[in-house]
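Q: here's a sequence, model it:
(2 chains)
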Amino acid sequence: MNRASLIAACVLLGGCATSSLVLLPDDAGGQGAVAVLEADGRATDAVISAGNSRTALGDPTPASRPIGDKGLRKQEAALLSALPPAAKTFTLYFEQGTTTLVPDSVNSLALLREEIAVRSGPEVEVTGHTDTVGSEADNDRLSVGRAQEVMNWLAGEGFDRSMMSAVGRGERELKVATADNVANASNRRVEVTVR
Amino acid sequence: MARLARGEEAAIPLRPCLGVLIGLLATAPAAAEIARIKQSSGVAVVERGAQRINATPGLQLLARDRLVTGKDGRMSLTFVDNTRFALGPDSSVAVSEFQYDRTRQKGSMLTQIDRGSLAVVSGKIAKSSRDAMKVRTPNTLLGVRGTKFIVDVGK
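A: Presented below is the predicted three-dimensional model:
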């Protein structure tokens, strides 16, 4: 079906849905792309990669136009400003072989609490880790203990446990690669992602 | 009864191990949370099978949920892979497929926009492999290669 007859068919059928894409630079200033895998039921290998562009979808060879001086439409700008804040990750460090935070990380807890408090509908993912001192089984338990220690502290600060989850990864995901049985302060950590 | 009690006793030594195992694997149950509502206004509803749930902040979403807004409605949400969505008014968007392995930070998702507008900032799924994140409109299938974009489906 050519474009003219497609449009004619749409008019006869009472209007087909039209789709359009606005491609924007990401928050870090990089530029992504969107591939058009299928258009109007047919496979294509088109890729839309022009930043700050507007493209009508449905054509196997889409043509992108710059957004231009007028900028985004009002409803597009409103949509972007409604996007949730990006996820933020905090790293807390622990004393050797314990679930006790190092003094600097005790101070970080206040920042973590603040980040959760300002978010609407927050989700908190807590992941515990250890260095390679000790057996894998002991470190699995220790990493879970560290994650639970942080989660318990947050619960004590009044955050509902239903927003949080804690897991331990033992010595499987080292921040700094070491041989076995090497003490390493960077690896004795809990990573907390706040969404 | 006595037989049952013995069985429970026998199971007790396994429990600490099991607890650690569950913690380590963080296995996703069948109804695993895929995203959480962050904000909403006006008419904003999550359709789950025959259920219609108001999209209040903190509501946990499941795969195959449909997000629907009315003429004055909006909602925003963040997925467990850090993908972020904002739906405009008069929109209908289904997350038809969603799989994500937190440990390996890999997965796939398919979002279907039947009506309205959706702003997207892609997350770890889109980074995990080429076209792992797909978006379908009534006339197009898109493969997301990053990161920030708006799709609008008119009537």
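
Q: could you pull up the residues touching the residue most central in space within chain B?
A: In chain B, the residue lying closest to the centroid (C-alpha atoms, centre = their mean) is B:I34, at 2.9 Å. Contacts for B:I34 (C-beta atoms under 8 Å, 6 or more residues apart in numbering or on different chains) come out as B:L61, B:L62, B:A63, B:D65, B:F79, B:V80, B:V95, B:F98, B:Y100. Yep, even glycine has a C-beta here, placed from its N, CA and C like the rest.

Q: so in chain B, which strand runs the longest?
A: strand B:106-121 (DSSP state E).

Q: roughly how far apart are A:A28 and B:S129?
A: 21 Å (C-beta to C-beta, to the nearest Å).

Q: look at the two and report which has more neighbours.
A: Neighbours were counted for A:A28 and for B:S129 using other C-beta atoms under 10 Å in any protein chain shown; B:S129 has more, 11 against 8.

Q: which residue, other than its chain neighbours, is closest to that one?
A: Excluding its sequence neighbours, the residue lying closest to B:S129 (C-beta to C-beta, 6 or more residues apart in numbering or on different chains) is B:K106, at 6.9 Å.

Q: that neighbour: neighbour count?
A: B:K106, neighbours per other C-beta under 10 Å, totals 16.

Q: from the chain's centroid, how far away is the helix ranked longest in chain A?
A: When chain A is parsed with DSSP state H, its longest helix is helix A:136-156. Here the centre of helix A:136-156 is set off from its chain's centre by 23 Å, with C-alpha atoms, centre = their mean, to the nearest Å.

Q: tell me the strands beside the helix or strand following it, with direction?
A: Downstream of helix A:136-156, the first helix or strand assigned by DSSP states H and E is strand A:164-168. Sheet pairing of strand A:164-168 (DSSP bridges) gives strand A:124-128 (parallel).

Q: may I have stretch B:89-103 as PDB, with CA atoms only?
A: Only the C-alpha atoms of stretch B:89-103 are listed here, as PDB (Å, rounded to 0.1, in the frame of the first residue of the first chain):
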ATOM      1  CA  PRO B  89      -3.100  12.900  29.600                       C
ATOM      2  CA  ASP B  90      -5.500  10.600  27.700                       C
ATOM      3  CA  SER B  91      -2.900   7.800  27.400                       C
ATOM      4  CA  SER B  92      -3.000   4.000  27.500                       C
ATOM      5  CA  VAL B  93       0.300   2.200  27.800                       C
ATOM      6  CA  ALA B  94       0.900  -1.500  28.600                       C
ATOM      7  CA  VAL B  95       4.100  -3.000  29.900                       C
ATOM      8  CA  SER B  96       3.500  -6.300  28.000                       C
ATOM      9  CA  GLU B  97       6.800  -7.900  28.800                       C
ATOM     10  CA  PHE B  98       9.300  -7.200  31.500                       C
ATOM     11  CA  GLN B  99      12.200  -9.400  32.600                       C
ATOM     12  CA  TYR B 100      15.100  -8.200  34.700                       C
ATOM     13  CA  ASP B 101      17.900 -10.100  36.500                       C
ATOM     14  CA  ARG B 102      19.100  -7.700  39.200                       C
ATOM     15  CA  THR B 103      22.300  -9.600  39.700                       C
END
